[in-house]
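Engineer: What follows is a predicted protein model with its sequence.
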Amino acid sequence: MSTNDFILLLDRFAAAVVANDPAGFVALFSQDGIYEDLFFGRHRGRGEIAAMLRRFHDTGREYRWEFVDALANEAIGYARFHFSYASTLPGYAGKPVYFEGISLFRFTSGLITEYCEAWDRGVALVQLGFPAERVHRVVAKAADALNEVPEARRHLDRFRRP
């Protein structure tokens, strides 16, 4: 995929999220595509990805997603992003959230086979006004999960003492 084609895909991707268009959104993914979201987790297949998008809109409104600095080749694409919304969570309704991150897309035949992102979920939780102990629980759970991936184990196991 050329960088220009990737930019067009990013525009369609963001527009589908903002419009709460599950059909348009999942059409960008392969049948067994993966969407890994730092709030909602890993979703495989178009049905799960569509359900996740609906969950986005059950918990927020007025989404804006902008991608910048996009680069791609036939197999992979990266872009920085700016993302914002207003929460509709009980107790946090109307709270604005903004964060920046980086997205990774993997492609086969022009369709997304895997999407994942990196951004600081702690920033979003603080913007929502979550109490410190709840922020800690969420971030600690994420740290524990990260520390178990094979790449992390290669880095961290060297610090274990017999």
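Structural biologist: The structure has been received and is ready for your questions. Bear in mind that the values here come from a model prediction, so they are computed numbers and not experimental data.
Engineer: Apart from its chain neighbours, what residue comes closest to the residue nearest the centre of the chain?
Structural biologist: The centroid of the chain falls nearest to residue 37 when counting by Cα atoms, centre = their mean (3.8 Å). Nearest-residue entry for residue 37: residue 52, 6.4 Å, with adjacent residues in sequence omitted and distances by Cβ to Cβ, 6 or more residues apart in numbering. In this view, the C-beta of every residue, glycine as well, is placed from N, C-alpha and C.
Engineer: so which strand or helix has that neighbour?
Structural biologist: helix 46-59 (DSSP states H and E).
Engineer: which residues are contacting that helix?
Structural biologist: 16-17, 20-23, 25-26, 29, 31, 33, 35, 37, 40, 43, 63, 87-89 (Cβ atoms under 8 Å, 6 or more residues apart in numbering).
Engineer: Just the buried ones from these?
Structural biologist: Buried by 16 or more other Cβ atoms under 10 Å: 16, 17, 22, 25, 26, 29, 33, 35, 37, 43, 63, 87, out of those.
Engineer: of those residues, the lowest pLDDT goes to which?
Structural biologist: pLDDT is lowest at residue 37 among the buried ones among the contacts of helix 46-59; the value there is 91.
Engineer: That one is in contact with residue 118, isn't it?
Structural biologist: No. Using Cβ atoms under 8 Å, residue 37 makes no contact with residue 118, being 11.8 Å away.
Engineer: low pLDDT regions in this structure?
Structural biologist: Counting by pLDDT under 70, the chain contains low-confidence ranges at 162.
Engineer: Can you give the domain ranges for it?
Structural biologist: 3-128, 131-162 (automatic domain parsing).
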